[in-house]
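1. from the sequence below, what's the structure:
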Amino acid sequence: MTDHDEPRRSVSLSVGEISALKKAILYLKFSCDDAEADIFASSPLINGAFESLIKAGDLGELEVRFYQKGNKENESYVISRIGEIEARDGKEMSEELKRRVYEAWAYPFRLTSDLDE
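-> Numbers count the residues shown, from 1 in each chain. Below you'll find the model as predicted:
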């Protein structure tokens with residue numbers, strides 16, 4: 001999800017801190033209606049951090065399986081937010097850009113439908 005050539009740093013977080021950060025990221029991606037936060041919702045850096053938090057968490061494979069089930073409600077939310085961005089900007093995204101934003105914003109959930117379904 002991130003540039004692997006970028007310098008890496010290690011941090012030590014408690015299980016509770018990991019859980020809190022994951023919840024904050026999920027809120028940002030699937031509940032926050034602040035237009036200024038939209039840029040972070042599909043950020044590869046945020047997704048990379050979330051991926052690291054999943055790996056460091058204590059739920060392991062159980063959490064990975066949960067996200068692999070997908071979440072239609074979150075997908076609908078993301079599609080709605082993309083529409084709001086297009087309306088606010090006064091122009092439509094290209095289909096390729098829209099698909100990439102949709103996939104990145106919906107992460108960590110597996111997509112259960114295409115953007116146009």
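
2. next helix or strand past the strand or helix carrying Ser76?
-> Using DSSP states H and E, Ser76 sits in helix 72-89. Remark: after helix 72-89, the chain's next helix or strand is helix 95-106, criterion DSSP H and E.

3. what residue ranges in this structure score low on pLDDT?
-> 1-4, 116-117 (pLDDT under 70).

4. what about 90?
-> For the chain, the stretches with pLDDT under 90 are 1-11, 57-62, 64, 70, 112-117.

5. looking at it, which residue reaches furthest from the middle?
-> Gly90 (24.1 Å; CA atoms, centre = their mean).

6. Ala104 is in contact with Ser43, correct?
-> Yes. Between Ser43 and Ala104 there is a contact under CB atoms under 8 Å: 7.4 Å. C-beta: built from backbone N, CA, C; applies to glycine.

7. tell me which of these two has more neighbours.
-> Taking neighbours as other CB atoms under 10 Å, Ser43 and Ala104 compare with Ser43 leading, 20 against 17.

8. count the neighbours of Ala37 for me.
-> The burial count for Ala37: 12, using other CB under 10 Å.

9. without its sequence neighbours, what residue ends up closest to it?
-> Leu28 (5.8 Å; CB to CB, 6 or more residues apart in numbering).

10. ok, now Asn71?
-> Closest to Asn71 by CB to CB, 6+ apart is Phe109, at 4.7 Å.

11. Three-state assignment for that neighbour, please.
-> Of the three states, Phe109 takes coil under DSSP: H, G, I helix; E, B strand; the rest coil.

12. please tell me I have it right and Glu86 contacts Glu92.
-> Yes. Using CB under 8 Å, Glu86 makes contact with Glu92 at a distance of 5.2 Å.
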